[in-house]
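**Student:** sequence? don't have it. structure:
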């Protein structure tokens, strides 16, 4: 390691973020990168462990610990410390096609597995990664690098989310001619419309798309394959097809009053805001507005938190976030030791903002909706919530039960359902004739990406179910390797 005592000499410091009271005035990213000299000190904290769990990316007690992309973290941390920033970017891009995405939206599984975190604070891997890639763009190191030789093989990738983009980038690098079909009006899939600007400004996605175009990847928007684009034509026109359409079926809440006006899926709420923001800075009014409304968000995960932050920026009257599960401990429990993923309570940006604006954490644990209440016009006016607890059944599984007498009525003019996703849209699988599994994901052999239909492959959330951006990139890269071997007869990608 370049600085054997770095972890003892330098304390962890994070990029400074603007105060919640200020950042809620806009939809911009709100962290300011530190100067290169300070970032080098943060990289010096990396111990270059004999066993670097940060890049291991393997399940431990049922949850992945470390980076699923197996990023060469100790190597590029050392190169940052020694000032070899271009070399650090080269090592980073060997394993990760889009560090500018993961360094903004990944929950940093790498940091959870960092050895420094065993007895202190982990290395700031995520921010180091962001420094490396943004410095590479700023200095002009990142330039279009189209393949010098084309194979003559044509591949269609259906979906331009992180999985589809990673797959397309890998196959194009190999020399195949790739066309990406996207059902929406803008490219990026989940990255474009599923993640708010506060976490990922859209010019970051557009920058990467323009680079891929310059390298020879073709893109077609407003192409909803299976509806306004014929799947059979695509099968006939290409040597291979990769389905990377995500998990687009949101989980619903089917209780009395569900048909009330004012109940939306979180993805529709977030998408409408981003579209209007990009089209007109919200001036066109073509979005689901939370302004002056009592908002209830069903779901305690990242998407629910994004809805909290977005609702506050709209100017909501109040916001409550319902979570069925109990509150996690504030620090690791004895049965959750390092390097397992830390099952602890985290207060994210949206919740921080709610505390600042309304004076309390918006989350209510072990609570769900029992009934949606409508007025005479069919509009939502409130919800009845109820407390829940979990008991084990005869098979040892946790079963949710309601607590009698715990009902409570809450005023609400807007409810956002952020309860996760159940799988991909069924019409896509039907259009290509691919088989699905019990979870409605496209089925393949374990560890493989080829479907039951000749020359059709799959990747990302459509294959593994709802997951992280970093896993989508991993899936896209691995699927590209399978496609390449299918086309060429030997493995040319890793």
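**Tutor:** Thanks, I have it. Quick caveat: nothing in here was measured; it's all calculated off a predicted structure.

**Student:** What is the burial count for the residue nearest to residue 304 when sequence neighbours are not counted?
**Tutor:** Nearest residue to residue 304, sequence neighbours excluded (C-beta to C-beta, 6 or more residues apart in numbering): residue 418, at 4.0 Å. Quick note: C-beta positions are derived from backbone N, CA and C, even for glycine. For residue 418, the neighbour count with other C-beta atoms under 10 Å is 25.

**Student:** where does this structure have low pLDDT?
**Tutor:** 1 (pLDDT under 70).

**Student:** ok, 80 please
**Tutor:** Low-confidence segments of the chain (pLDDT under 80): 1-2, 494.

**Student:** Show me how it divides into domains.
**Tutor:** Domain assignment for the chain by automatic domain parsing gives 6-138, 154-248+422-488, 263-417.

**Student:** Contacts only, for the residue nearest to residue 304.
**Tutor:** Residue 418 makes contact with 265, 266, 297, 298, 299, 301, 303, 304, 307, according to C-beta atoms under 8 Å, 6 or more residues apart in numbering.

**Student:** at 7 Å what do you get?
**Tutor:** Going by C-beta atoms under 7 Å, 6 or more residues apart in numbering, residue 418 touches 266, 297, 298, 299, 301, 303, 304, 307.

**Student:** surely the fourth one meets residue 421?
**Tutor:** No: here residue 299 lies out of contact with residue 421, judged by C-beta atoms under 7 Å, at a distance of 10.9 Å.

**Student:** Tell me which of the two has more neighbours.
**Tutor:** Comparing residue 299 with residue 421 by other C-beta under 10 Å, the one with more neighbours is residue 299, at 22 against 19.

**Student:** and that one, how far is that from residue 318?
**Tutor:** Distance, residue 299 to residue 318, by C-beta to C-beta, to the nearest Å: 17 Å.

**Student:** in what helix or strand does residue 291 lie?
**Tutor:** Here residue 291, judged by DSSP states H and E, is contained in no helix and no strand.

**Student:** again but with residue 136, I slipped
**Tutor:** Residue-wise, residue 136 maps onto helix 125-138 under DSSP H and E.

**Student:** need the next SSE after that helix, C-terminal direction.
**Tutor:** strand 154-158.

**Student:** ok so, going back, including distance to residue 234 and secondary structure, could the contacts of residue 418 go into a markdown table?
**Tutor:** Listed next are the contacts of residue 418 as a markdown table, based on distance: C-beta to C-beta, whole Å; DSSP: H, G, I helix; E, B strand; the rest coil:
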| residue | distance to residue 234 | secondary structure |
| --- | --- | --- |
| 266 | 31 | helix |
| 297 | 38 | strand |
| 298 | 37 | strand |
| 299 | 35 | coil |
| 301 | 34 | coil |
| 303 | 31 | helix |
| 304 | 36 | helix |
| 307 | 35 | helix |
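
**Student:** Can you convert those into JSON lines and add a column each for distance to residue 215?
**Tutor:** Listed next are the contacts of residue 418 as JSON lines, based on distance: C-beta to C-beta, whole Å:
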{"residue": "266", "distance to residue 215": "34"}
{"residue": "297", "distance to residue 215": "40"}
{"residue": "298", "distance to residue 215": "42"}
{"residue": "299", "distance to residue 215": "38"}
{"residue": "301", "distance to residue 215": "35"}
{"residue": "303", "distance to residue 215": "32"}
{"residue": "304", "distance to residue 215": "37"}
{"residue": "307", "distance to residue 215": "36"}
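
**Student:** among these, which ones are buried?
**Tutor:** Among those, the ones that count as buried by 16 or more other C-beta atoms under 10 Å are 266, 297, 298, 299, 303, 304, 307.
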